[in-house]
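[1] just coords:
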């Protein structure tokens, strides 16, 4: 332990005992003691089972802690200087400057299961030892700025509260945020030199990795993104690395990858993208209610009206489609193309929107071949019934046929009309069309045209699905 570490009261509290379990009990109990004067905030955090289950320290234990660490705050009022410098807006009663005045930490205490009732600030510190935050609870948020982590960060199952900032941080070792929970997360200009794992994490708010650099690989498998997500890169100076979004869910907006190159091993298998109808239903009021933390990019995003947001999402799909197409990833390319078409239809005038709706209904934007087949089967069956009803209503020679024979003939006629381009008329009796009426002409012409449309989309679907060129 360096002299600077020894002078920091928070670090002394975090390792006041040789027992990790006892350190956690004293830390959490002291957090509850510090928060008690703030009645409203105390009651709010009591709704969190993690906080409610913290055992209160006795008066003797509180006195013992304050005697051993006389410079440990007995109350928190006002924000830490680092927090004010970052212009973070927070309703928290105070902040914990966990590394204030420390430029380098050789041995950082394990904070597994620790509860932080106040905002935690770490700024401009180099960590030479691993950082353990397994199942830590940051009720007031976490702000980490311009720090260097030489060893790994282990934050599996951690809850980062209202916001988590890791801006301009350099992660030399591996980072593990598996099963972590975030609201607004900001990793702007962060550098990940080793493996970066966020699998099974949940971002309830916005997640920004703008201008972040991934050197090894990044794993976002089974991650839930409930709001805007950005991987934009202002200058495409970094090489593309494998990124996995296997089974990831993007609930409101697609990820933005403007300026960032995609690696050929970028995995979009099983990804869930937002529904266009749900995106169109976003209102300005809901955006304003969803307050963000402190980042300029987040505030700019919040001010966009719903139509502009849809335009941005459409451009995001367009970029991803182009990048996947350049890599020859046909399935991914068409997945983003379909989403792009959905938003294009939503942004179009109502009379144009109908055509996009039919395009989707008939062929899933040229991707499905089963839909055109189902359409042709339905067309054949419905028009066969129309023909049978038409001929039974006429007092002509067809009445000499029984109904079963007439239905067979009309079914053949319907089939021939759908596939008229193949000349099937020669294989069916022509006496049904000996004296065509206006109604019969309209039926046959409309069926032939619709049949041609279904055939076209059938060919398009087969070409897309089986890579026919």
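    Cool, the structure landed. Model, not experiment: these values are computed from the prediction.
[2] spit out the contact partners of residue 219.
    When contacts are counted by Cβ atoms under 8 Å, 6 or more residues apart in numbering, residue 219 touches 195, 196, 197, 198, 199, 243, 244. All C-beta spots, glycine's among them, are computed from the backbone N, C-alpha and C.
[3] chain neighbours aside, what residue packs nearest to it?
    residue 197 (4.5 Å; Cβ to Cβ, 6 or more residues apart in numbering).
[4] the one you found contacts residue 176, doesn't it?
    Yes - in this structure residue 197 lies within contact range of residue 176 using Cβ atoms under 8 Å: 4.9 Å.
[5] what strand or helix carries residue 361?
    Assigned by DSSP states H and E, residue 361 belongs to helix 350-363.
[6] per-residue pLDDT, residue 302?
    Looking at residue 302, its pLDDT is 52.
[7] sorry, wrong one. I was asking about residue 298.
    Per the predicted model, pLDDT is 47 at residue 298.
[8] residues in contact with the residue lying closest to residue 419 once chain neighbours are set aside?
    Using Cβ to Cβ, 6+ apart and skipping the chain neighbours, the partner closest in space to residue 419 is residue 451 (6.6 Å). By Cβ under 8 Å, 6+ apart, the contact list for residue 451 reads 376, 379, 417, 418, 419, 420.
[9] can you check residue 271 too?
    Going by Cβ under 8 Å, 6+ apart, the list of residues near residue 271 reads 245, 246, 247, 248, 249, 250, 335.
[10] for it, give its distance to residue 247.
    7 Å (Cβ to Cβ, to the nearest Å).
[11] again, but for residue 181
    18 Å.
[12] next one: residue 340
    From residue 340 to residue 247 the distance is 22 Å (Cβ to Cβ).
[13] the more surrounded of those two?
    Between residue 340 and residue 247, residue 340 has the larger neighbour count (other Cβ atoms under 10 Å), namely 22 against 17.
[14] which residue lies closest in space to the more buried one, excluding its sequence neighbours?
    Nearest non-adjacent residue to residue 340 (Cβ to Cβ, 6+ apart): residue 317, at 4.0 Å.
[15] which SSE is the one you found in?
    helix 306-326.
[16] which neighbouring elements make contact with that helix?
    strand 255-256, helix 276-280, helix 284-289, helix 330-347 (3 or more Cβ pairs under 8 Å, 6 or more residues apart in numbering; DSSP states H and E).
[17] if you count neighbours, what's buried in it?
    Neighbour counts over helix 306-326 (16 or more other Cβ atoms under 10 Å) mark 306, 309-310, 312-314, 316-321, 323-324 as buried.
[18] pLDDT-wise, what's the bottom of those residues?
    For these, the least confident entry is residue 306, with 73.
[19] re the thing from before, need the pLDDT of the residue nearest to residue 219.
    Value for residue 197, per-residue pLDDT: 97.
[20] ok, now residue 425?
    66.
[21] equivalent analysis for residue 293, please.
    41.
[22] just residue 234 next, same as before
    85.
[23] next one: residue 446
    pLDDT for residue 446: 94.
[24] and residue 389, by the same measure?
    85.
[25] tell me the SS of it?
    Here residue 389 is helix, with the state taken from DSSP: H, G, I helix; E, B strand; the rest coil.
[26] the contacts of residue 271 in strands, which ones?
    Those of the contacts of residue 271 mapping onto strands are 249, 250, per DSSP state E.
[27] give me the buried subset of the contacts of residue 271.
    By 16+ other Cβ under 10 Å, the contacts of residue 271 give 245, 247, 248, 249, 250, 335 as buried.
[28] pull the number of nearby residues for residue 191.
    Neighbours around residue 191, by other Cβ under 10 Å: 17.
[29] wait, it touches residue 171, no?
    Yes - assessed by Cβ under 8 Å, residue 191 is found in contact with residue 171 at 6.6 Å.
[30] and this protein, split by domain according to the record?
    3-269, 370-465 (automatic domain parsing).
[31] to residue 348, which of the ones you listed lies closest?
    domain 3-269 (18.8 Å; Cβ to Cβ).
[32] could you dump the helices and strands packed on helix 306-326 to JSON lines with distance to residue 360 and mean pLDDT?
    Below are the helices and strands packed on helix 306-326 laid out as JSON lines (distance: least, Cβ to Cβ, whole Å; pLDDT from 0 to 100):
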{"stretch": "strand 255-256", "distance to residue 360": "23", "mean pLDDT": "96"}
{"stretch": "helix 276-280", "distance to residue 360": "10", "mean pLDDT": "73"}
{"stretch": "helix 284-289", "distance to residue 360": "26", "mean pLDDT": "45"}
{"stretch": "helix 330-347", "distance to residue 360": "7", "mean pLDDT": "93"}
